[in-house]
Structures are given as C-alpha cells and as structure tokens.
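Visitor: coordinates only, sequence not included:
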C-alpha cells in the first residue's frame, strides 16, 4: 500500500474537484516539450523554472485549491513547497503526476 504525501491529491479526487462548481486552478509545471506529448485539458502551463517569476499572476488563487502536476509527482511537490512558502496554503501536488492520471482517469493521454 502506498501512502500519499499530505500535500498530495489523488487523480480521482482531482477529477471530482475539476467537475465541481468551483474547480481548482491546475498548474502543469513540466517543460513545453513534455506538454506537447501529453496534457490534461484545462490546465495552466507554468514550467517549474518560471514559477517564481509568474507568481504575481498566480496570487489571485492563493486562497483557493491549487493543484500542481508534473510527470510523476516529484517536481510538482517542489513547486507546491515553494507555493506554500509563498502563502498558497491549499496548494497540493497530483499524486503520481500525469502518468498516474493517464492510467487511472484518462487512458487517451499518452504515457511517456
């Protein structure tokens, strides 16, 4: 049994949140070449290296659920740590990243 990090959200929970009346902001922190291969519809692309410089445009969501995802969940946890230090108390990472999303939610998204 795998235990998720307390700053993570499961793919099923994210899917449910995205279908709610108040969907979260979902940030894809992967590089552009990765997004070109596979992407979750409705996400905002903010490469990990650009997070700090793009923080002003994200701050409007600081009091909301913000979900960050990458390929497997390592980079997104680093971005979540930065966002939480910056006042985003509800920022979380998609557990297992887009790879797990592809296997559990949307098999039409290519795995790489």
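Guide: Here it is on my side, so go on. Just so you know, these numbers come straight off a predicted model, no measurement behind them.

Visitor: which residues of the protein fall in strands?
Guide: 8-9, 25-28, 44-45, 66-69, 91-94 (DSSP state E).

Visitor: can I get the ones you listed in JSON lines including mean pLDDT?
Guide: Converted to JSON lines, the strands of the chain look like this (pLDDT from 0 to 100):
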{"stretch": "strand 8-9", "mean pLDDT": "97"}
{"stretch": "strand 25-28", "mean pLDDT": "98"}
{"stretch": "strand 44-45", "mean pLDDT": "98"}
{"stretch": "strand 66-69", "mean pLDDT": "98"}
{"stretch": "strand 91-94", "mean pLDDT": "98"}
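
Visitor: okay, those strands in TSV with mean neighbour count and distance to residue 81 next?
Guide: The way it works is simple: take the backbone N, C-alpha and C, and place the C-beta from them, glycine included. Shown next, in TSV, are the strands of the chain (neighbours: other CB atoms under 10 Å; distance: least, CB to CB, whole Å):
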stretch	mean neighbour count	distance to residue 81
strand 8-9	20	12
strand 25-28	23	14
strand 44-45	14	19
strand 66-69	27	10
strand 91-94	27	9
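
Visitor: need the ones you listed in CSV with distance to residue 104, can you?
Guide: Output for the strands of the chain, formatted as CSV (distance: least, CB to CB, whole Å):
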stretch, distance to residue 104
strand 8-9, 12
strand 25-28, 16
strand 44-45, 22
strand 66-69, 13
strand 91-94, 11
